[in-house]
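Colleague: the sequence and its predicted three-dimensional model are supplied below.
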Amino acid sequence: MLRLTRPAKFLKSRVQVAYANGQPVGEIIQENVLGKIRFSFVVNGQLYGGIQAENWRAWNFMVHDHTGQEIARITKTWEGFARTMFTTADNYVVQVHQQLPDPLASLVAAAALTVDTALKQDSRGLG
C-alpha cells in the first residue's frame, strides 16, 4: 500500500508518495500546464522517469524511466455513456511492461491516481 499526499497547488500539481509506514518514496511533479501534460518522478532530487500524455486530452499516457524508455502505459477506459453523464468516476488501467525495482515500481503504481487527482479532479472543481 502507498500513501499519496497532494499539497496545496497554484498551477502545477505535486504528489508526495510514501509507503504505508510513512517512509517517503519520492514525488510526482507536474512539469507543465499547457499542451501535452508531463510529470516527473523525483526521488531525493534525482529524476527517475516520468509520465507523458500522448495528446492534449490527457487520456492516455506513456510512463518512462530516466532514459526515456517506455516502461508502462496508463489508459483511460470508456465507462459507458450513462456512467459518463451521471458520475464523475474515471477508470484507468496501468499496464507495466516489465518488473521494476523500487522506488520506480511504487511511483509507477501511484501514477494513475496522480493523473486522475492532478488533472481530472481539478477540472471538476473538486480539487
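Modeller: Now that the structure is in, tell me what you want to look at.

Colleague: for the protein, longest helix please?
Modeller: Using DSSP state H to define each element, the chain has its longest helix at helix 104-115.

Colleague: quick one: buried residues of that one?
Modeller: Using 16 or more other CB atoms under 10 Å as the test for burial, helix 104-115 gives 104, 106, 107, 108, 109, 110, 111, 112, 113, 114, 115. (C-beta placed from N, C-alpha, C; glycine too.)

Colleague: what's the local residue count around residue 42?
Modeller: Neighbour count for residue 42, taken as other CB atoms under 10 Å: 17.

Colleague: wait, it sits on residue 31?
Modeller: No: the criterion here is CB atoms under 8 Å, and residue 42 misses it with residue 31 at 10.6 Å.

Colleague: the spatially closest residue to residue 112 that is not a sequence neighbour and residue 46, how far apart?
Modeller: The shortest distance from residue 112 to any non-neighbouring residue, by CB to CB, 6 or more residues apart in numbering, is to residue 92 (4.1 Å). The gap separating residue 92 from residue 46 is 26 Å, by CB to CB, to the nearest Å.

Colleague: between the two, who's got more neighbours?
Modeller: Neighbour totals were compared for residue 92 and residue 46, and residue 92 leads with 17 against 9 (other CB under 10 Å).
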